[in-house]
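Engineer: what would the 3D arrangement of this be:
(one chain, ligands or ions: 1)
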Amino acid sequence: MGILEGKRLLVTGVLTDASIAFSVAKLAQEEGATVVLTGYGRLSLVERIAKRLPEPPPVIELDVQDTAHLDSLADRVGEHLDGLDGVVHSIGFAPQSCLGGNFLNTPWEDVATALHISTYSFKSLAVACLPLMKEGGAVVGLDFDATKAWPVYDWMGVAKAGLESCARYLARDLGKHGIRVNLVAAGPLRTMAAKSIPGFQEFEDSWPEKAPLGWDLADTVPAAKACLALMSDWFPATTGEIVHVDGGVHAIGA
Ligand SMILES: NC(=O)c1ccc[n+]([C@@H]2O[C@H](COP(=O)([O-])OP(=O)(O)OC[C@H]3O[C@@H](n4cnc5c(N)ncnc54)[C@H](O)[C@@H]3O)[C@@H](O)[C@H]2O)c1
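Structural biologist: Here you go, the predicted structure:
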């Protein structure tokens, strides 16, 4: 018996097989879950990557900035699953001007895009899935520790601080539906999203050295395992929480 035996999951954010969401989907299937993916943009690419999973899942389109996609999400997921026990938000994006040391000059329009896709969408996705979560369940999002101002992360750091707050408010409002809302704060991982951050190398150079447990920049499995655990039956009374999967860096002074 896997820890997600019989669970029905919606996993967003698969872009390549280096995506954190790819590891989540793979391990979830290995642990007994039925998975549906959402894809953004190049759907054919996501479908090709999905074929590398143990059981290639259906891929449905979701641009979190598209209200029609969100409004129809429950119906479209409902064509494949009769309900949802877990939802994974593994979505982030910020225009280039938001990142890399340009903090004081970033225009609001670009910040607004970053917040819409990386922060507000956590709420949009959870609410869009609500009709399928009548028996309760778990929503998990991917975070990067927002308690500090990091080099180069800039407005994405602000977006993640908002995500952390958003998770707490969602936990407050969805608790009565039996839905737990938690975040996994991962250390730096070499994904497409990370490669688009100018100066990401600074994290790559320092993190493995600072982490008491060490840190593998190419291994998305530890973060994925935490997502699975939070969607399993083994965190029944935990909500509004942030689980750090960063080799321990958050606990250590600079
Ligand atoms: N890579 C890291 O170092 C790291 C560390 C901590 C947290 N995270 C977070 O993990 C999550 C997943 O990122 P990743 O590192 O696996 O990179 P990734 O590039 O593989 O995934 C990012 C995903 O966001 C999706 N996306 C972007 N705009 C979208 C939109 N409008 N609608 C729907 N989806 C959209 C992309 O299609 C992609 O699948 C993000 O929230 C990211 O901030 C990443």
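Engineer: C-alpha only now, for contacts and for neighbours.
Structural biologist: OK.
Engineer: now do the same contact list for His89.
Structural biologist: Val11, Thr12, Gly13, Phe122, Leu125, Val139, Val140, Gly141, Leu142 (Cα atoms under 8 Å, 6 or more residues apart in numbering).
Engineer: which non-adjacent residue is nearest the second one?
Structural biologist: By the measure of Cα to Cα, 6 or more residues apart in numbering, the closest residue to Thr12 outside its immediate chain neighbours is Thr38, 4.9 Å from it.
Engineer: who does Met36 form a beta bridge with?
Structural biologist: For the record, residue 36 is Val, not Met. Leu10 (DSSP bridges).
Engineer: just to revisit the earlier point, if I've got this straight, the residue nearest to Thr12 is in a strand?
Structural biologist: Yes - under DSSP: H, G, I helix; E, B strand; the rest coil, Thr38 sits within a strand.
Engineer: spell out which parts of this protein neighbour the ligand.
Structural biologist: 13-16, 19-21, 40, 62-65, 90-93, 117, 142-144, 185-194 (Cα under 6 Å from any ligand atom).
Engineer: follow-up on the earlier one: my read is that the residue nearest to Thr12 contacts Val64, right?
Structural biologist: No - applying Cα atoms under 8 Å, one finds Thr38 not in contact with Val64, separated by 10.4 Å.
Engineer: tell me which of these two has more neighbours.
Structural biologist: More neighbours surround Thr38 than the other of Thr38 and Val64, with 22 against 19 (other Cα atoms under 10 Å).
Engineer: per-residue pLDDT, Arg42?
Structural biologist: Per-residue confidence (pLDDT) for Arg42: 86.
Engineer: return the distance of it relative to Arg48.
Structural biologist: 10 Å (Cα to Cα, to the nearest Å).
Engineer: when those two are compared, which one has more neighbours?
Structural biologist: Higher neighbour count among Arg42 and Arg48: Arg48, with 13 against 10, using other Cα under 10 Å.
Engineer: and that one, its phi and psi?
Structural biologist: Dihedral angles of Arg48 (phi, psi; degrees, to the nearest 10) stand at phi -70, psi -40.
Engineer: now the closest residue to Leu217 other than its chain neighbours: how far from Glu109?
Structural biologist: Nearest-residue entry for Leu217: Leu189, 4.6 Å, with adjacent residues in sequence omitted and distances by Cα to Cα, 6+ apart. Between Leu189 and Glu109 the distance is 27 Å, computed by Cα to Cα.
Engineer: between the two, which is the more surrounded one?
Structural biologist: Leu189 (23 against 10).
Engineer: you'd agree the more buried one is up against Trp215?
Structural biologist: No - using Cα under 8 Å, Leu189 is not in contact with Trp215; the gap is 9.4 Å.
Engineer: can you give me the strands in the stretch 151-254 of the chain?
Structural biologist: For the stretch 151-254 of the chain, the strands defined by DSSP state E, counting those that start in this stretch occupy 179-186, 241-245.
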